[in-house]
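Participant: the following comprises the amino acid sequence and a computationally predicted model.
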Amino acid sequence: MRLAGFYLFAALVALLPVLFPDNYFVIVIGASAGLHVILAVGLNLLMGYAGQISLGHAAFFGMGAYASAILTTRFGWPSLLALAAGLVATGAIAWLLARPILRLRGHYLAMATLGFGIIVHVIMVQATRWTGGPDGLAGIPPLNLFGWSVEGDLQWYGVIVAAMLLALWLALNLVDSQVGRALRAVHGSEFAAQMMGVDTGRAKTQVFVVSALFAAFAGSLFAHQQAFVSPDSFNLTISVELVTMVVLGGMASTFGAACGAIALTLLHQGLVVFEDYEMLIHGALLMAVMIFLPQGLFVGLSQGAQRLWVTLRQES
Amino acid sequence: MTENSITVEGLEQSFGGVMALAGVSFQAPEGLIYAIIGPNGAGKTTLFNALCGFYQPSAGSIHFNGHELCGLPPHRIAALGMARTFQNLQLFFNMTVVENVMVGCHLRARTGLLAAALRLPRIRREERRLREWAHVALALCDLADRAEQPAGALPYGLMKRVEIARALAAKPRLLLLDEPAAGLNDTETLALRELIARIRASGVTVLLVEHHMPLVMGISDRLLVLDYGSVLAEGTPAEIQADPRVVAAYLGGAVQYAV
Ligand SMILES: Nc1ncnc2c1ncn2[C@@H]1O[C@H](COP(=O)(O)OP(=O)(O)O)[C@@H](O)[C@H]1O
Ligand SMILES: [Mg+2]
C-alpha cells in the first residue's frame, strides 16, 4: 500500500503519549521534533527532490512566526487569521524571490539564500518597533482553533503532531505524482526535463514557495506554542540545522527527512550540556554523513537492512 | 511546405570565435528519416541544440509545425511536438525506468500542484493513465521487463533505448536522435534500426545524427552532410555516396555502403 509507512508512523506518534503518560520528554521533545519534521520535509522537497539548496530556510520559519506574533499581539488578529496571513505573505515573498534566485546554481544559489537568511535576521533584530528587536516579542496569545484554545503540553503535542502528519501526507502525495516526478527530473537533468516539456523555471518556483509555506506554517505554530519569539530562533545556525536534518536523513526521501529531523532533535537534547559546541557538532555530523553515508543515515541504513535481509533469505 | 516538416534557413551559431553553425539551411520533409552526418565537430549536436531551443542562434530561422522556433524556450518547443535524445546520456538516474518514461508523458498530463498534494481522485486516475502510456512506449522499445529497475542499473545500450522510449512517450511529431548507435554492439544496432523504422512507420518524422554508415545509408530517406558548420551536400543516400566532395571530406575514399 502506498501510504502504509505513513499510517504506521501516525499510529506510533498517536500512541506515544498513551504509552508514556505525563512524560515530559516524550510530550515536549516530541512536539519540538514534530515542528522540525514539518520544516525538514518542506526543505527536502526543495533540496532532496528538486536539487536546489537553501541556506536561508530559517528566514521563512521566522516570517511565519513573526507574522503570527505581530498580528496577534499588536493588532489583535485572531490566531488562525494571522496564521493564514503569515502563509500568504511568506508565500508571496518566496514567489517574488524564486525567479531571480533559482536562476543561480550550486555555490551561487547557496550564497544567495545564505544572504537572504542573514538579511531577514537583521530585519528581525533591527526593526525594533515591529519585532521587538533582539529581545523579541512576548505575550503571544494561545492558538485558538474555532473556539478551542490550545494550552498545555499535551494539547500542543496533539496539535503539532496533527500538523506534522498533514505536512507529511501532503509531501508524500506531491512527491508521488507527476509534479514530484517533474521535480526529480529537474534534479536529474534540467535540460532533459525541459525537453520533456517541463517548465523548469516554474517547477522550481513552485517548490520553493511550497517549502517556504511549510516553514511559515511551522513558524506560526512555534510562535503560539512558545508564546514568545526572538531572532535567535531563526538565525543561520537554525538554517544549517535544517539542512543537516535533510542530509542526515537522506535526500529525496520524505521519511528520511522526517527521521533526520527527529534524530537531530533528540541529539540536541542529549547535548544540551555542550551548547557551546553545537555548530561544531553539526559540522562534524554533516561531514561524517557526507563522507561515510552520502545517501543519508536513514536511506543508507534502510538500504543496508534490505541487502542484509536479502542475503539472509538467500542463505536460509 | 507541409505542416510537420521542419525548415531551417541560414542558421548561425557561434561560440566565441568558433562558428559552429555558419548559415545552415535545409528542409526535412514530413514522415521521412532525414539524416545529418559529418565529421566530429561539424556542428551536428549544436544544430540539434539550436533546433530544440537550448541555444539561441545568432541568425536564421527555424519553422516547424506552423511556428517560428527561434526565441522559444525548450519546453515550449517540446509542446509543439518535438522530442529528442542526447549524445551524452541525459537520463534521470534518480528514478526508475518507468518513471523516466512517465516524465516523457509530461505534456499529456494535467496535474496541478494543489490537486496532486491533496491526491484528488482525478490525480489517481491520471497516475494510472500515465503509467499505461509509459508502458506502451516501453513495450515499443522492448523494455517492458525493465520498467521497475533504477535507470542507472541498466546496461549502456538499454539506457540509450530508455531515452528513446522517454522521447516517444511524449507522442512527438518530430524526433531528434543524436548518435543513437554510438556504443551499441551489432545486435543492438540491428534492433535500433528496426525500432527507427517502426517509429517512421508510425508517422513520426525523424532527424538522425549518426556515424554508423551502414545504418544511416540503409535507413535514411535523405541526408544532409555538415562540415565545419556548413552544408557540404544534401540528397538521397545514393547521391551522397556518389558525391566526390563528401567522399573526400568524410566518407574517406574506398568505402561504399549498401543502400
Ligand atoms: N557549448 C559550447 N561552447 C563552445 N564551443 C562549443 C559548444 N558546443 C559545441 N562547441 C564547438 O562547436 C563545434 C561543433 O560541435 P558539435 O556540434 O558538438 O559537433 P558534432 O556534434 O558534429 O560532433 C565544435 O568545434 C565544438 O568544439
Ligand atoms: Mg555531436
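Facilitator: Good, I have the coordinates. Not measured: the values here are computed from a predicted model. Ligands and ions are numbered 1, 2, ... in the order given.
Participant: quick one: distance of the lengthiest helix in chain A to the chain centre.
Facilitator: When chain A is parsed with DSSP state H, its longest helix is helix A:200-226. On the basis of C-alpha atoms, centre = their mean, to the nearest Å, helix A:200-226 sits 8 Å off its chain's mean C-alpha point.
Participant: I'd like the mean pLDDT over it, please.
Facilitator: Helix A:200-226 carries an average pLDDT of 96.
Participant: same check on stretch B:153-172?
Facilitator: Here the average pLDDT along stretch B:153-172 is 96.
Participant: where in the chain is pLDDT low?
Facilitator: As the question left the chain open, I've gone with chain A. A:1, A:273, A:316 (pLDDT under 70).
Participant: to clarify, I was referring to chain B.
Facilitator: B:1-4, B:252-259.
Participant: show me where it has helices.
Facilitator: Under DSSP H, chain B gives helices at B:44-51, B:74-79, B:97-104, B:113-117, B:121-140, B:156-168, B:186-201, B:213-219, B:237-242, B:244-246.
Participant: between the longest one and helix B:97-104, what angle do the directions make?
Facilitator: Meaning helix B:121-140. Put simply, helix B:121-140 runs at 110 degrees to helix B:97-104, going by axes from the mean of the first three to the mean of the last three C-alpha atoms, to 10 degrees.
Participant: check contacts around the residue lying closest to B:Arg198 once chain neighbours are set aside.
Facilitator: Distances taken as C-beta to C-beta, 6 or more residues apart in numbering or on different chains place B:Leu140 nearest to B:Arg198, at 7.0 Å, with adjacent residues excluded. Quick note: C-beta positions are derived from backbone N, CA and C, even for glycine. B:Leu140 sits next to B:165, B:168, B:195, B:198 when contact means C-beta atoms under 8 Å, 6 or more residues apart in numbering or on different chains.
Participant: gap between the third one and B:Asp142?
Facilitator: What it means is B:Leu195. Distance of B:Leu195 to B:Asp142, given as C-beta to C-beta, to the nearest Å: 8 Å.
Participant: ok, for the residue in the stretch 201-316 of chain A that ligand 1 sits nearest to, nearest residue in space, not its chain neighbours?
Facilitator: Nearest to ligand 1 in the stretch 201-316 of chain A, going by C-beta to the nearest ligand atom, is A:Gly201, at a distance of 20.5 Å. In space, and not counting its chain neighbours, A:Gly201 is closest to A:Arg99: 6.9 Å by C-beta to C-beta, 6+ apart.
Participant: up against chain A, what does the stretch 101-250 of chain B have?
Facilitator: B:102-107, B:109, B:111-113, B:116-119, B:123, B:126-127, B:130, B:166-167, B:170 (C-beta under 8 Å from any C-beta of the partner chain).
Participant: weed out the non-buried ones from the residues you listed.
Facilitator: Buried by 16 or more other C-beta atoms under 10 Å in any protein chain shown: B:102-107, B:109, B:111-113, B:116-117, B:119, B:123, B:126-127, B:130, B:166-167, B:170, out of these.
Participant: quick check: domain ranges of chain B?
Facilitator: Residue ranges for the domains of chain B, per automatic domain parsing: B:1-81+B:172-259, B:93-171.
Participant: check for me that A:Pro142 belongs to a strand.
Facilitator: No - applying DSSP: H, G, I helix; E, B strand; the rest coil, one finds A:Pro142 to be coil, outside a strand.
Participant: that one touches A:Ser149, doesn't it?
Facilitator: Yes - the criterion here is C-beta atoms under 8 Å, and A:Pro142 meets it with A:Ser149 at 4.8 Å.
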